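S.K.: Could you work out the structure for the sequence below:
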Amino acid sequence: MKIVRGLRNLTEKIKSPVVALGNFDGVHVGHQEIFKVACKRASEIDGTPVVYTFDPHPLKILAPEQNLTLLTTFKKKMELISVCGIETTVCADFTRNFAKIHPRDFALKLKESFDMDSIVIGHDYSFGKGKVGGVDYLKKMGDELGFSVYVVNAVMVDGKRVSSTLVRSLVGDGHVKQVQKLLNRYYSIAGKVVSGYQRGKAIGFPTANLETPYELIPEVGVYAAMARIGGASDYCKGVVNVGYNPTFNRDDFIVEIHMLDLDHDIYGQEIEIFFVDRLRNEVAFSSVETLRQQIEKDVETAKGVLSGIVEVENMPAGR
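M.R.: Numbering: from 1, shown residues only. As a prediction, this is how the structure comes out:
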């Protein structure tokens, strides 16, 4: 997938673009449905499925007091969008000045830049200054400027409307098993393996400590997980501890994983951790030996949970 930073850098004409508009944080099943519609329309007209998105997230600029935690880094979001069949993503630099653009000017700029066949949006999409531009306004502009507007209905899972807000809430509360249905994949974070205190190794369960740029980490606790090291296609099974190591009276936050089928050091390497299920809360044990015994139980429980895992990233291909 080609990634273009800003319309000003869109120097090559795209063939019959079908443009999906949105932030797409998390690339959940609702977003995937939007991409599916865009890819289908592009296929019908021998065109190109395109995403037009924003970075940073608008709320980071307009409402920093909300302390929005994103589900994906920019890199991961681009990776997931690509898997969905999108051929080009244009990312606007979102600023306060950008937020002041009138909806009409926004639509005119899109038409001027893309000369798109059509636009695909979610049912609740809004745009322009004060978010006063909505579905009806965009359709009106489409009639005037010569593009179609496809509106994708909300996607429901277990009776709830899928949204990035819902996914953030579930991840933040540690409900990672439920999240898999909303993402078509297990929620993951990635980062570099860094040196830790070697306590796990001392009690027979060496761990890899993760230094990650991801903003949203699942609730403190112990999880069964799969991990991918570097660009490998294979996955390792593991037990992840998210928390503060209270048994050792530490107050620094850590994410560490004990690999069940790995026997060599991976310091300095990039790994991605996929959270499969929550096993238990983090507990301050009365002794290191009690902790060791509990980790033994965690490992056995994790083996059972992970034994049936076939698809870690079951993302749909758009074309």
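S.K.: Touching the lengthiest helix in the chain from outside, list them.
M.R.: Assignment by DSSP state H gives helix 288-306 as the longest helix of the chain. With CB atoms under 8 Å, 6 or more residues apart in numbering as the contact definition, helix 288-306 has outside contacts at 203-205, 222, 224-226, 237-239, 247, 258, 260, 276-277, 279-280, 283, 285. The way it works is simple: take the backbone N, C-alpha and C, and place the C-beta from them, glycine included.
S.K.: try stretch 144-157
M.R.: 29-30, 33-34, 37-38, 41, 107-108, 111, 116-124, 135, 138-139, 142, 161-162, 181-182.
S.K.: Please spell out which residues along that stretch are buried.
M.R.: 147, 149-152, 155 (16 or more other CB atoms under 10 Å).
S.K.: Let's have these in CSV, adding distance to Thr95 and pLDDT.
M.R.: Putting those into CSV (distance: CB to CB, whole Å; pLDDT from 0 to 100) gives the following:
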residue, distance to Thr95, pLDDT
Phe147, 26, 98
Val149, 26, 98
Tyr150, 28, 98
Val151, 28, 98
Val152, 28, 98
Val155, 31, 98
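S.K.: can I get those residues in TSV with distance to Asp265 and secondary structure?
M.R.: Formatted as TSV, the buried residues of stretch 144-157 follow (distance: CB to CB, whole Å; DSSP: H, G, I helix; E, B strand; the rest coil):
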residue	distance to Asp265	secondary structure
Phe147	55	coil
Val149	54	strand
Tyr150	51	strand
Val151	52	strand
Val152	46	strand
Val155	43	coil
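S.K.: Leu71 and His31 touch, don't they?
M.R.: No. Taking contacts as CB atoms under 8 Å, Leu71 lies outside contact range of His31: 10.7 Å.
S.K.: quick one: pLDDT of Phe127?
M.R.: Among the per-residue scores, Phe127 holds a pLDDT of 83.
S.K.: Pro64 versus the nearest residue to it once chain neighbours are set aside, what's the distance?
M.R.: Using CB to CB, 6 or more residues apart in numbering and skipping residues adjacent in sequence, the residue nearest Phe127 is Gly133, 4.4 Å away. Using CB to CB, to the nearest Å, one obtains 23 Å as the distance from Gly133 to Pro64.
S.K.: now Val310
M.R.: 41 Å.
S.K.: Neighbour count for these two, which is higher?
M.R.: Each of Val310 and Pro64 had its neighbours counted (other CB atoms under 10 Å), and the higher figure belongs to Pro64 (9 against 5).
S.K.: in the helix or strand of the chain with the lowest mean pLDDT, what counts as buried?
M.R.: For the chain, counting by mean pLDDT, DSSP states H and E, helix 199-202 ranks last in confidence among helices and strands (a mean of 75). Judged by neighbour count using 16+ other CB under 10 Å, the buried positions of helix 199-202 are 199-200.
S.K.: coming back round to it: got a ChimeraX select line for the buried ones in the contacts of stretch 144-157?
M.R.: Applied in ChimeraX, the following selects the buried portion of the contacts of stretch 144-157 according to 16+ other CB under 10 Å:
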select :29,30,33,34,37,38,41,107,111,116,117,118,119,120,121,122,138,139,142,162,182
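S.K.: does Glu219 really touch Val242, like I thought?
M.R.: Yes. Here Glu219 reaches Val242: they are 7.3 Å apart, a contact under CB under 8 Å.
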